[in-house]
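1. Fold the following for me, if possible:
(one chain, ligands or ions: 2)
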Amino acid sequence: MVGRNLVIAVDGPAASGKGTLARRLAAHYGLPYLDTGLLYRMVARAMLDAGQRLEDAQAAEATAAGFDETGFDEAVLRGREIGEAASVVAAIPGVRRALIDRQRQFAAAPGGAVLDGRDIGTVICPQATVKLFVTATPEVRAARRHKELAGRGDTASFEGILADIRRRDARDSGRGDAPLKAAEDAILLDTSALGVDEAFAAALSIVEKRRAA
Ligand SMILES: Nc1ncnc2c1ncn2[C@@H]1O[C@H](COP(=O)(O)OP(=O)(O)O)[C@@H](O)[C@H]1O
Ligand SMILES: Nc1ccn([C@@H]2O[C@H](COP(=O)(O)OP(=O)(O)O)[C@@H](O)[C@H]2O)c(=O)n1
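-> Numbers count the residues shown, from 1 in each chain. Ligands and ions are numbered 1, 2, ... in the order given. Sure, this is the predicted structure:
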């Protein structure tokens, strides 16, 4: 398989480390990287800015169909409130439908691409060369997110962040449309006991084995 387009799908729950891995894999292979969670975060942010209710499916779908990806403050997008809001709009089927083409176009870049999210291996790129499903225990994920948010001046408690993560996991896994789940042919990578470099080495070895197959 070496020499063909390389599309790497990285899925997993909140703060499992999928973005960190996806970014490093993209840099390693010289491929473009798309954090698809940011798209859902942008839709939520645009709706809040417009004073709309996140549960308003019609407004959410219209926003998802027509928003401009520039002009958002990334620190705000990556904040706790927007993560929660993103998972509310992400459960609306029309929002997911409206975001499919942008993601598939990105994945069709010459040479390939790396995308991370919840449904990359199952819905967006079912033909991806390699599918990684990255996990870690809720406590480990909450500790990572706590450290990350504290570094940005957010004073949220570990317990509060753990509760956020559990709620978001339940909503993302329980929705009817494109729920968070590993594709049948995804390879599971539990990073609970792995540092960033160890997790990257494990991910790279999975991708290399797949490319050589
Ligand atoms: N294996 C790891 N060990 C320790 N910290 C990690 C690991 N992977 C990621 N992190 C850190 O955890 C936080 C969440 O990682 P991120 O890649 O953004 O997760 P996700 O994209 O799954 O939400 C970041 O601050 C990141 O630096
Ligand atoms: N492909 C994707 C990516 C994100 N999402 C939704 O968007 C929310 C935010 O995703 P994210 O990847 O930015 O969140 P973190 O995992 O970084 O916390 C998730 O909780 C999902 O509800 C999704 O439904 N599908």
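2. which one is the residue nearest to the spatial centre of the chain nearest to, not counting chain neighbours?
-> Centroid-nearest residue in the chain, with C-alpha atoms, centre = their mean: Gly117, separated by 2.5 Å. Leaving aside its sequence neighbours, Gly117 sits nearest to Thr36 (C-beta to C-beta, 6 or more residues apart in numbering; 3.6 Å). (C-beta placed from N, C-alpha, C; glycine too.)
3. Run the contact check for the one helix or strand Leu162 maps to versus ligand 1.
-> If you go by DSSP states H and E, Leu162 is part of helix 158-174. No - Helix 158-174 stays clear of ligand 1 (C-beta under 6 Å from any ligand atom), getting no nearer than 9.7 Å.
4. What residues sit buried inside that helix?
-> Buried positions in helix 158-174, judged by neighbour count with 16 or more other C-beta atoms under 10 Å: Ile161, Leu162, Asp164, Ile165, Arg168, Asp169, Arg171, Asp172.
5. list the contacts for the first one?
-> Just to be clear, that refers to Ile161. Residues in contact with Ile161 (C-beta atoms under 8 Å, 6 or more residues apart in numbering) are Arg80, Ala142, Arg145, His146, Leu149.
6. What segments of the protein are strands?
-> 6-11, 33-35, 112-117, 130-135, 187-190 (DSSP state E).
7. Let me know the average pLDDT across the helix holding Leu162.
-> Averaging pLDDT along helix 158-174 yields 96.
8. circling back to that earlier point, how about the buried residues of helix 158-174 in JSON lines, adding distance to ligand 2?
-> Below are the buried residues of helix 158-174 laid out as JSON lines (distance: C-beta to the nearest ligand atom, whole Å):
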{"residue": "Ile161", "distance to ligand 2": "10"}
{"residue": "Leu162", "distance to ligand 2": "13"}
{"residue": "Asp164", "distance to ligand 2": "9"}
{"residue": "Ile165", "distance to ligand 2": "8"}
{"residue": "Arg168", "distance to ligand 2": "5"}
{"residue": "Asp169", "distance to ligand 2": "8"}
{"residue": "Arg171", "distance to ligand 2": "7"}
{"residue": "Asp172", "distance to ligand 2": "5"}
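9. is it possible to export the residues you listed to JSON lines including distance to Pro138?
-> Below are these laid out as JSON lines (distance: C-beta to C-beta, whole Å):
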{"residue": "Ile161", "distance to Pro138": "10"}
{"residue": "Leu162", "distance to Pro138": "6"}
{"residue": "Asp164", "distance to Pro138": "10"}
{"residue": "Ile165", "distance to Pro138": "6"}
{"residue": "Arg168", "distance to Pro138": "10"}
{"residue": "Asp169", "distance to Pro138": "7"}
{"residue": "Arg171", "distance to Pro138": "14"}
{"residue": "Asp172", "distance to Pro138": "13"}
